[in-house]
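Colleague: starting from these lines, generate the structure:
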Amino acid sequence: MSRDYPLERVRDIGIVAHIDAGKTTFSERVLFYTGVSHKIGEVHEGQAIMDWMEQEQERGITITSAATTCFWTPTYKKGDKSLEHRINIIDTPGHVDFTVEVERSLRVLDGAVVVFDGVAGVEPQSETVWRQADKYKVPRICFANKLDRTGASFEKCFSTITERLTTNAVRAQLPIGLEENHKGVVDLLTMKAFTFEGDHGEKIIEGEIPADMLEDAKKYHNELIEKIVEKDEKMMEEYLGGKEIPLNELKVILRKSVIDNSIVPIFCGSALKNKAIQLVLDAVVDYLPSPLDVPPIIAKDADTGADVQIFADDNAPFAALAFKLQTDPFVGQLTYFRVYSGTLEAGSYVYNSSTGNKERVGRILRMHANDREEVKSVYAGEIAAIVGLKETRTGNTLCSEQRPIILEEITFPEPVISMRIEPKTKADQEKMGFALRRLSDEDPTFKIKSDQETSETIISGMGELHLEILVDRMKREFKVEANVGKPQVAYRETILGEAEAEGKYIKQSGGKGQYGHVRLRVKPLERGKGFEFTNSIKGGAIPQEFITPIEKGVKEAMEKGVVAGFNLVDISVELYDGSYHEVDSSESAFKIAGSMALQEAARRAKPVILEPVMKVEVIVPDKFLGDITGNLNSKRGQIEEMGERGGLRTVRAQVPLSEMFGYVTALRSMTEGRGNSTMEFDHYAVVSSNIAQSIIEGKK
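Modeller: Predicted structure coming up:
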């Protein structure tokens with residue numbers, strides 16, 4: 001079998017945004033205009049196709065990323081089937097608690113449409129998704145949405161993008177009218193005006209630029225052309241020489257510049273009022289890359305560790321990344337994967353180089369939100385799901401056994417909030433263990449552990465909403481009833497100084513004894529670096545077979561901490577000396593000695609407690625500003641910036657998570673229900689001694 005669309009006519013894109021920027025409404029219009037759906041599903045009515053989970057429909061937010069495929073021929077070439085493109089879309093959540101969905105989606109996508117609220121401009125989660133896209137070097141185009149709303153300002157939205165995100169942004173369009181007068185857009189490349197008529201804006205009317213906009217349009221047209229031509233020396237010379245550059249040549253250079261992230265074009269309109277979505281689809285085709293346009297993926301040879309370049313080629317050995325697991329009530333576990341090279345057929349076998357296992361590929365499905373289309377094979381550049389993989393986890397590499405390679409894994413943030421959970425009945429106990437395992441397989445930011453002292457189960461995640469949704473899913477999808485405790489902050493411990501200590505474990509009991517003796521040196525690492533272990537022993541003072549058990553003992557001791565029992569992080573441990581006994585030494589003795597030495601060294605190295613600090617943005621009417629800033633200061637908050645947005649005041653601050661439980665309710669009561677806030681994890685910081693003391697007291 002061969003592919004039905006040539007690779008140059010495939011686009012793998014994500015739609016990303018801050019919560020409430022209108023991203024899912026935008027996606028619903030895309031599905032309607034591309035013919036995937038024949039009715040527009042509205043988020044506020046709980047009918048959005050891409051928000052298919054019950055919890056999404058009830059809350060009006062996106063929780064899990066949904067994949068779909070649609071087809072688009074540019075509006076200026078309608079009817080030319082040879083220019084139809086296949087667009088694989090992933091619609092991602094905008095709420096910070098579900099940032100894992102954005103992270104893993106951007107890891108496997110070639111381009112993104114970033115949607116902004118035309119009233120609010122750049123919001124906290126907009127910055128987060130932008131940084132995630134920067135990390136994976138994902139080319140972007142932007143869409144300033146909601147220009148029909150009161151307080152909308154394309155210019156203000158544009159300026160927040162250039163100030164906070166990138167100086168490479170350039171206007172590709174201007175809106176014709178704002179708020180209730182928003183009628184359409186001016187395309188600055190073609191210098192044409194477009195308005196949208198019909199029940200759903202499906203009729204695109206091309207016309208002349210309104211006279212009152214002509215001066216601005218010419219100014220920004222020249223700005224756009226200059227930004228494009230400066231990327232090509234020959235074109236720059238022609239332009240400066242007074243030559244008019246043909247449109248198709250400008251598009252070629254603009255496309256190259258978008259792909260290498262040196263230009264980010266900003267489009268505009270209103271998804272809810274069906275204005276200009278088709279022109280954004282044209283831009284996806286014109287400017288975002290096909291799998292052939294992005295640089296080859298760099299993988300590691302599984303045997304030698306050498307770099308291997310993976311090119312998008314159907315005839316090359318198979319290579320894919322499993323980026324998401326999902327439990328489907330009808331077909332069981334789905335493994336979403338992106339094919340980077342080669343072809344995969346249903347019924348064949350695939351090699352998981354991350355685990356060393358071979359697994360049979362049952363059915364291959366092309367997903368349309370929660371609908372499934374079975375296909376016989378998938379090719380380079382495609383995104384699909386496999387039914388029946390038992391051992392594959394998020395981030396695993398699937399490849400040909402003849403060319404075993406390992407693709408770069410996806411890194412996920414550590415959870416910042418925990419709660420205790422217990423089954424209501426004996427019957428729920430076994431079901432709960434299964435449900436929690438399934439949910440943690442799906443979501444790498446959801447962690448489960450048992451408290452050894454109390455035998456309780458503790459679940460951890462990215463925020464209160466994150467854990468609330470997972471517990472709700474456990475009840476609905478797995479029919480498990482459970483009691484949950486209050487959310488708790490996931491504190492950490494670290495050291496601020498350097499220290500040395502020895503651990504000696506000697507036990508004589510008549511027969512063979514136990515002997516383990518190690519000397520360790522500890523020092524702090526940069527925040528977020530985790531843990532590193534080095535062995536600098538010379539002359540075989542400790543045999544090689546005991547080194548790994550020592551490291552295991554060190555890691556176990558780090559899990560218990562030394563101040564209040566929290567995980568020790570960001571610490572470097574060096575094993576520099578020790579001794580052993582020919583007869584009595586054993587792996588377990590050295591493991592215990594390693595644990596003892598680490599605890600003693602950490603106690604001497606100025607141990608401290610770390611707490612998660614959140615980036616908070618509060619939006620309130622002006623008259624409540626004083627109350628809000630005073631309240632944030634009382635919560636140990638540090639106010640970083642105050643501004644204005646759409647007639648409201650904004651406050652950006654950094655506040656410890658422990659002070660923010662129940663803040664949304666408190667904010668509503670302080671502002672007569674008119675205040676809004678968003679919060680996302682920023683960093684871990686050392687707590688002061690008096691706060692540390694109260695945390696220790698609370699643990700007792």
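
Colleague: helix or strand next in line after the helix or strand bottoming out on mean pLDDT in the chain, which one?
Modeller: Sorted by mean pLDDT, DSSP states H and E, the helices and strands of the chain end with helix 54-59, the least confident at a mean of 47. Stepping forward along the backbone from helix 54-59, the first helix or strand reached (DSSP states H and E) is strand 66-72.

Colleague: all strands of the stretch 101-250 of the chain, in order?
Modeller: Counting by DSSP state E, counting those that start in this stretch, one finds strands in the stretch 101-250 of the chain at the ranges 111-117, 140-145, 169-171, 173-176, 184-187, 192-197, 203-207.

Colleague: just the mean pLDDT for the longest one, thanks.
Modeller: When the per-residue pLDDT values of strand 111-117 are averaged, the result is 93.

Colleague: swap in stretch 273-289?
Modeller: Across stretch 273-289, pLDDT averages out at 95.

Colleague: got the buried residues for that stretch?
Modeller: Residues of stretch 273-289 classed as buried: 273-289 (neighbour count, 16 or more other CB atoms under 10 Å). The way it works is simple: take the backbone N, C-alpha and C, and place the C-beta from them, glycine included.

Colleague: again, but for stretch 236-248
Modeller: By neighbour count with 16+ other CB under 10 Å, stretch 236-248 contains the buried residues Met236, Tyr239, Ile245.

Colleague: kindly indicate which of the residues you listed lies nearest Gly530.
Modeller: Proximity of the buried residues of stretch 236-248 to Gly530, judged by CB to CB, is greatest for Met236, which lies at 47.2 Å.

Colleague: enumerate every residue touching the one residue sitting closest to the centre of the chain.
Modeller: Computing the C-alpha centroid of the chain and ranking residues by CA atoms, centre = their mean puts Glu103 first, at 2.2 Å. Residues counted as contacts of Glu103 (CB atoms under 8 Å, 6 or more residues apart in numbering) are Gln132, Ile410, Thr411, Phe412.

Colleague: now Leu365
Modeller: Val331, Leu334, Arg372, Glu373, Glu374, Val375, Ala384, Ala385, Ile386, Val387.

Colleague: how near is the spatially closest residue to the first one that is not a sequence neighbour to Ile406?
Modeller: In space, not counting the residues next to it along the chain, Val331 is nearest to Val387; the distance is 5.1 Å by CB to CB, 6 or more residues apart in numbering. Using CB to CB, to the nearest Å, one gets 24 Å for the distance from Val387 to Ile406.

Colleague: just the buried ones from the contacts of Glu103, in PyMOL syntax?
Modeller: When burial is assessed using 16+ other CB under 10 Å, the buried subset of the contacts of Glu103 is captured in PyMOL by this command:
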select buried, resi 132+410+412
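
Colleague: can you lay out the contacts of Glu103 as a markdown table showing secondary structure, distance to Tyr576 and pLDDT?
Modeller: Formatted as a markdown table, the contacts of Glu103 follow (DSSP: H, G, I helix; E, B strand; the rest coil; distance: CB to CB, whole Å; pLDDT from 0 to 100):
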| residue | secondary structure | distance to Tyr576 | pLDDT |
| --- | --- | --- | --- |
| Gln132 | helix | 40 | 85 |
| Ile410 | coil | 35 | 77 |
| Thr411 | coil | 30 | 77 |
| Phe412 | coil | 33 | 77 |
